[in-house]
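Participant: model this:
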Amino acid sequence: MRDKVGDFTEANAQLLIVDPHESWSAKRFLKDVGLESGDVGYPLLLDPTLTVSATYGVAMQMRIHTELSNRPAAFVIDRNGVIRYERRAKTFSDRPSPAELLEEVRKVN
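Facilitator: Alright, predicted model coming up:
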């Protein structure tokens, strides 16, 4: 997604990541993959109380290794707050490609 931020900006879309972890955990993950928080290119919103995750129905629904985790999901939400596209993963790697999401964004705009 980081490499496609410009494409989403051109399509008048704002990318956001909602991470269900504390800030130290998110920073550690970014460091483990060789990034700083400013390198992502779009906002990383922390949701350690799972408020946003629960609102969108993805909180703590998947067992990864021995831990429960949020189910990965992607949403396209229009300017009025209406969900126009949603994909809740069935597995950890079940995620739409940037091209698929961009296609959905373009349908809304």
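Participant: Closest to the centroid, which residue in this structure?
Facilitator: The residue lying closest to the centre of the chain (CA atoms, centre = their mean) is Ile17, at 3.8 Å.
Participant: residues in contact with that one?
Facilitator: Going by CB atoms under 8 Å, 6 or more residues apart in numbering, Ile17 touches 40, 42-45. Heads up, the C-betas are built off the backbone N, CA and C, glycines and all.
Participant: cool, and Lys107?
Facilitator: Per CB under 8 Å, 6+ apart, neighbours of Lys107: 84-85.
Participant: Next, it: phi, psi?
Facilitator: phi -70, psi -30 (degrees, to the nearest 10).
Participant: Give me the number of neighbouring residues for Phe8.
Facilitator: 19 (other CB atoms under 10 Å).
Participant: where does it land in three-state SS?
Facilitator: helix (DSSP: H, G, I helix; E, B strand; the rest coil).
Participant: Can you check the pLDDT for the residue nearest to the centre of the chain?
Facilitator: Listed pLDDT for Ile17 reads 86.
Participant: bridging residues for it?
Facilitator: Per DSSP bridges, the residues bridged to Ile17 are Leu44.
Participant: rewinding a little: mark which of the contacts of Ile17 are buried, thanks.
Facilitator: Buried by 16 or more other CB atoms under 10 Å: Leu44, out of those.
Participant: just the contacts of Ile17: which has the poorest pLDDT?
Facilitator: Val40 (81).
Participant: Please give me every residue in contact with the closest residue to that one other than its chain neighbours.
Facilitator: Closest residue in space to Val40, ignoring its immediate chain neighbours: Arg2 at 6.1 Å, by CB to CB, 6 or more residues apart in numbering. By CB under 8 Å, 6+ apart, Arg2 lies in contact with 39-42.
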